[in-house]
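In: have a look; sequence and predicted model below, questions after that.
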Amino acid sequence: LVILIGGVAAVGKSTIASQLSQRLNLPNVLHTELAYDLLRNVGGAPLNSCPLWRRGLDKAATIEEYSRECRVIRKAVHGELVKCLGDGKPIIMEGLHLDSSLFDLGGIQMGGQPPVLVSVVLEMERGEHKMMLSEWLPRHSLSDDPSHAENELVTSPEDALESALDTLQAIQSYVVDRARSVNGLVLPVSPRTFSTVLDQLHEYILYRMEEGLRGLEATGARGLLPKDS
């Protein structure tokens, strides 16, 4: 079982992933933001040291660069993904750079069978996203990095917020459109509906897991099923 929880910054991905992990008793949670931060801060890094939402690119350039960064992150997490599935361990992955179209698991086996892939994108309305982002942004300041400190000083907090919001909303529209084009699951979320969204996602994942078991039965792979199935 591979669960992908995508969405832009400050929409509650980490919260949903953490609580879902507890509900489903799935301890393996991979936060792709850790890989993103690492790849931005090493010598010869394949990613720009300044995060995408800070660069003030136009929409077309933003989407092009976002797509490239998604491919970089997909390669970076491949080893961990294969290891977990090879050990028969389900995994939850969450982060901004999760493009489900890049996760073709056909060549990866889990217990002799292709794993069940559940992909969801969290979507937040602009006004509520701005409120959440206003709390998230100060915790992700670049002022500790001398190479970006000057840019932060000449930009007012409100301008920085609006610029980041514009960029992230453009990425959100792109991600949501891609998910819907392949009948992916898109869940509207707000600070008031986190628990409801968590319930919906929990039920959907259980349904997909049952679907996977029925698939094993249909193919006659009884030896891979629990003895009481």
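Out: Good, I have the coordinates.

In: what is the end-to-end distance of stretch 181-201?
Out: 20 Å (CA to CA, to the nearest Å).

In: how distant is that stretch from the center of its chain?
Out: Remark: stretch 181-201 is offset 13 Å from the chain centroid, using CA atoms, centre = their mean, to the nearest Å.

In: same question for stretch 23-30.
Out: Counting by CA atoms, centre = their mean, stretch 23-30 comes out at 15 Å from the chain centroid.

In: stretch 7-16 now?
Out: Centroid separation for stretch 7-16 versus its chain: 8 Å, with CA atoms, centre = their mean.

In: and what of stretch 197-210?
Out: Its chain's C-alpha centre and that of stretch 197-210 lie 17 Å apart, by CA atoms, centre = their mean.

In: buried residues in it?
Out: Neighbour-count burial for stretch 197-210, counted by 16 or more other CB atoms under 10 Å, picks out V197, L198, L201, I205. C-beta coordinates here come from the backbone N, C-alpha and C atoms, glycine included.

In: closest one of the residues you listed to A60?
Out: The closest of these to A60 turns out to be V197 (CB to CB; 31.0 Å).

In: need the contact list for the closest one.
Out: Shown in contact with V197 (CB atoms under 8 Å, 6 or more residues apart in numbering): G12, I16, L122, L187, P188, V189.

In: tell me the most packed of the residues you listed, by neighbour count.
Out: Taking other CB atoms under 10 Å as the neighbour criterion, V189 ranks highest of the contacts of V197 with 27 neighbours.

In: I'd say that residue and K13 touch.
Out: No. Judged on CB atoms under 8 Å, V189 makes no contact with K13 at a distance of 9.3 Å.

In: which residues are common contacts for the two?
Out: G7, L122.

In: what's the following helix or strand after the lowest-mean-pLDDT helix or strand in the chain?
Out: In the chain, the helix or strand scored least confidently by mean pLDDT, DSSP states H and E is helix 146-153, which has a mean of 47. Per DSSP states H and E, the first helix or strand lying C-terminal to helix 146-153 is helix 157-181.

In: using the three-state scheme, assign E94.
Out: Using DSSP: H, G, I helix; E, B strand; the rest coil, the structure places E94 in strand.

In: for T15, see how far away P191 is.
Out: 10 Å (CB to CB, to the nearest Å).

In: out of the two, which sits in the busier spot?
Out: Taking neighbours as other CB under 10 Å, P191 and T15 compare with T15 leading, 15 against 11.
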